[in-house]
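[1] build me a model from this:
(one chain, ligands or ions: 2)
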Amino acid sequence: MKISTKEFRVRDGGKINLKNLPTKVKPFYQSADDYQKLLAAHIQEMSERQELLYADNRYSLLLIFQAMDAAGKDGAIKHVMSGVNPQGCQVFSFKHPSAGELAHDFLWRTTRDLPERGRIGIFNRSYYEEVLVVKVHPEILKGQGLPAELVEDKNFWEKRYRSITNLEKHLHRNGTRVIKFFLHLSKEEQRRRFLKRLDDPARNWKFSQFDLVERGFWKEYRRAYEECLTATSTEESPWFVVPADDKLNARLIISQVVCEALKDLKMEYPKSDPKRLLELKRLRRQLVKQGG
Ligand code: ATP
Ligand code: MG
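    Ligands and ions are numbered 1, 2, ... in the order given. Here you go, the predicted structure:
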């Protein structure tokens with residue numbers, strides 16, 4: 001079944017209400033085997049296009065993953081990018097900022113890790129945390145050392161959104177495509193996954209007591225995500241709200257979006273000019289003469 005990715009794309013200017021968006025849709029695969037086949041086909045296409053991205057060396061792709069805990073960011077990144085040449089792809093995870101990072105503006109630490117030309121960069125959490133966890137927990141903002149008159153500005157969050165969209169527009173104008181995924185998980189499915197992590201000794205390490213604390217702020221996070229997606233989904237850097245209760249389905253949707261994003265880039269393998277072709281012929285003759 002062909003996945004229509006625009007179904008999951010947040011329209012520029014559209015107001016988002018997450019309650020109206022599904023955390024589960026009819027599977028795009030028929031069986032576990034079928035899933036493997038479909039994912040493999042996406043990965044094959046992605047891998048070929050990624051090689052072209054690298055050879056063309058003009059564009060880069062930044063994939064941003066945001067979600068509540070246990071929504072499957074790590075698994076999606078691992079499975080979707082599994083066929084991509086590791087030399088052309090880098091993953092960065094952003095946790096609580098260090099004191100050194102907090103001494104800079106909020107876009108600084110992620111900017112250092114933006115993908116170079118020809119590469120795919122993946123952010124597992126990102127500068128978006130600055131309008132999500134920081135908005136849900138105002139005490140974090142207080143600890144950021146910003147001038148009081150800036151923090152007290154009633155348009156503070158609007159201005160943060162604008163800083164983000166301006167950055168993304170700037171990146172777009174310079175050859176970096178930014179695609180953002182919100183893995184949309186239901187509260188009940190999160191509960192199930194947390195229980196699995198608590199019950200299975202091999203998964204215990206994945207559970208942190210803070211996960212339960214943050215779960216207590218579910219509504220606040222939902223609101224922060226809605227405001228964020230509404231304010232920052234643009235034509236050039238869209239958000240995709242990916243139903244995440246079914247991990248396999250989510251991976252198929254994400255991999256298709258990535259394939260399409262790469263397909264949209266006008267890339268070509270570098271061509272040799274006639275002078276270079278002559279030079280290559282001369283070098284070839286030289287190499288043949290050296291034979292046996
Ligand atoms: P996992 O799936 O393993 O739980 P994770 O991405 O949740 O992965 P954690 O180490 O559990 O990783 O948590 C990282 C924490 O860092 C998150 O709670 C996130 O909200 C927080 N964080 C990330 N960026 C910022 C930021 N700029 N300011 C404050 N907190 C941040
Ligand atoms: Mg976590």
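[2] grab the nearest non-local neighbour of Lys135.
    Ala224 (4.7 Å; Cβ to Cβ, 6 or more residues apart in numbering). Bear in mind the C-beta positions are built from the backbone N, C-alpha and C, glycine included.
[3] count the residues that sit near that neighbour.
    A count of nearby residues for Ala224, using other Cβ atoms under 10 Å, gives 19.
[4] mind pulling up the phi and psi values for it?
    Backbone torsions of Ala224, given as degrees, to the nearest 10, read phi -60, psi -40.
[5] okay, it: pLDDT?
    As predicted, Ala224 sits at a pLDDT of 98.
[6] average pLDDT for stretch 53-62?
    For stretch 53-62, the per-residue pLDDT averages 97.
[7] determine how far it lies from the middle of the whole chain.
    From the chain centre to the centre of stretch 53-62 is a distance of 16 Å (Cα atoms, centre = their mean, to the nearest Å).
[8] quick one: buried residues of that stretch?
    Across stretch 53-62, burial judged by 16 or more other Cβ atoms under 10 Å covers 53-54, 56, 59-62.
[9] so the residue nearest to Lys135 makes contact with Glu130?
    No - in this structure, Ala224 is not within contact of Glu130 by Cβ atoms under 8 Å, at 10.8 Å.
[10] circling back: return the residues in contact with the residue nearest to Lys135.
    131-132, 135-136 (Cβ atoms under 8 Å, 6 or more residues apart in numbering).
[11] and what of Met267?
    49, 52-53, 55-56, 58-59.
[12] look up which helix or strand it falls in, please.
    Using DSSP states H and E, Met267 sits within no helix or strand.
[13] and Ala231, by the same measure?
    helix 218-232.
[14] repeat that for Gln66.
    Using DSSP H and E, the element containing Gln66 is strand 60-67.
[15] that strand to helix 218-232, inter-axis angle?
    Orientation of strand 60-67 against helix 218-232 (axes from the mean of the first three to the mean of the last three Cα atoms, to 10 degrees) gives an angle of 150 degrees.
[16] who are the packing partners of strand 60-67?
    helix 73-80, strand 120-124, strand 176-184, helix 247-263 (3 or more Cβ pairs under 8 Å, 6 or more residues apart in numbering; DSSP states H and E).
[17] can you list these in JSON lines and add mean neighbour count, mean pLDDT and distance to Asp105?
    Below are those laid out as JSON lines (neighbours: other Cβ atoms under 10 Å; pLDDT from 0 to 100; distance: least, Cβ to Cβ, whole Å):
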{"stretch": "helix 73-80", "mean neighbour count": "19", "mean pLDDT": "95", "distance to Asp105": "25"}
{"stretch": "strand 120-124", "mean neighbour count": "22", "mean pLDDT": "97", "distance to Asp105": "17"}
{"stretch": "strand 176-184", "mean neighbour count": "23", "mean pLDDT": "98", "distance to Asp105": "18"}
{"stretch": "helix 247-263", "mean neighbour count": "22", "mean pLDDT": "97", "distance to Asp105": "28"}
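[18] the ones you listed: which one's closest to Pro86?
    Across the helices and strands packed on strand 60-67, Pro86 has its closest neighbour in strand 120-124 (10.5 Å, Cβ to Cβ).
[19] just the CA trace of the helix or strand where Leu277 lies, in CSV.
    Per DSSP H and E, Leu277 falls inside helix 274-289. Coordinates of each C-alpha in helix 274-289 appear next as CSV, following Å, rounded to 0.1, in the frame of the first residue of the first chain:
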residue,chain,number,x,y,z
PRO,A,274,36.1,17.3,-21.9
LYS,A,275,39.5,18.3,-20.7
ARG,A,276,39.3,16.1,-17.6
LEU,A,277,38.0,13.2,-19.8
LEU,A,278,41.1,13.5,-21.9
GLU,A,279,43.2,13.5,-18.9
LEU,A,280,41.5,10.4,-17.5
LYS,A,281,42.1,8.6,-20.8
ARG,A,282,45.7,9.5,-20.7
LEU,A,283,46.0,8.2,-17.1
ARG,A,284,44.2,5.0,-18.1
ARG,A,285,46.7,4.4,-21.0
GLN,A,286,49.5,4.9,-18.5
LEU,A,287,48.0,2.4,-16.1
VAL,A,288,47.4,-0.2,-18.8
LYS,A,289,51.1,0.0,-19.9
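[20] any idea of the mean pLDDT in that helix?
    Mean predicted confidence for helix 274-289 is 94.
[21] still on that earlier bit, save the helices and strands packed on strand 60-67 as JSON lines, and put in distance to Ile16 too.
    JSON lines is the format used below for those (distance: least, Cβ to Cβ, whole Å):
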{"stretch": "helix 73-80", "distance to Ile16": "19"}
{"stretch": "strand 120-124", "distance to Ile16": "20"}
{"stretch": "strand 176-184", "distance to Ile16": "9"}
{"stretch": "helix 247-263", "distance to Ile16": "17"}
